[in-house]
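> no sequence on this one, just coordinates:
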C-alpha cells in the first residue's frame with residue numbers, strides 16, 4: 001500500500017487562493033522552473049501544480065502572468081525578479 005502525505009495540487013491551489021483573497025490581491029506573477037526538483041517530485045509536477053492554481057485563479061478572476069526562471073539562468077533570481085516584476089505587480093499605480 002502506498003500512502004501519499006502532504007498537500008494535493010488542489011489543496012496547494014486553494015491555500016494560495018485563500019491567501020490572495022485575505023490580502024485582496026487581484027494580480028499575481030507565477031514564477032516556475034520546469035526542471036526544479038524533477039528527481040524528487042517526478043516529471044510534469046510543476047505543470048500539474050500550476051494547472052490547478054491557474055484554474056482557480058481564472059475562477060476567482062485573478063489576473064496572472066508567468067515567468068520561467070529556467071529560461072533566464074544567466075541572471076540571478078534578484079535580477080529576474082527586478083526585471084519581471086518591476087511596477088507591474090507592485091501596489092504602485
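Thanks, I have it. Model, not experiment: these values are computed from the prediction.
> least trustworthy helix or strand in the chain by mean pLDDT?
When the helices and strands of the chain are scored by mean pLDDT, DSSP states H and E, helix 38-41 comes last with a mean of 66.
> Next secondary structure after it?
Where DSSP states H and E defines the elements, the next helix or strand beyond helix 38-41 is helix 45-59.
> Which positions within that following helix qualify as buried?
46, 49, 50, 52, 53, 56, 57 (16 or more other C-beta atoms under 10 Å). Heads up, the C-betas are built off the backbone N, CA and C, glycines and all.
> helices or strands next to that helix in the packing?
Counting contacts by 3 or more C-beta pairs under 8 Å, 6 or more residues apart in numbering; DSSP states H and E, helix 45-59 packs against helix 9-22, strand 27-32, strand 63-68.
> Give me the helices and strands touching the longest one, please.
Applying 3+ C-beta pairs under 8 Å, 6+ apart, one finds that helix 9-22 contacts helix 45-59.
> State the distance from the nearest residue to residue 27 once chain neighbours are set aside to residue 43.
Of all residues not flanking residue 27 in the chain, residue 63 sits nearest, at 4.8 Å (C-beta to C-beta, 6 or more residues apart in numbering). Using C-beta to C-beta, to the nearest Å, we find residue 63 at a distance of 29 Å from residue 43.
> And residue 7, by the same measure?
Note on residue 7: its distance to residue 43, by C-beta to C-beta, is 19 Å.
> Sounds good, over and out.
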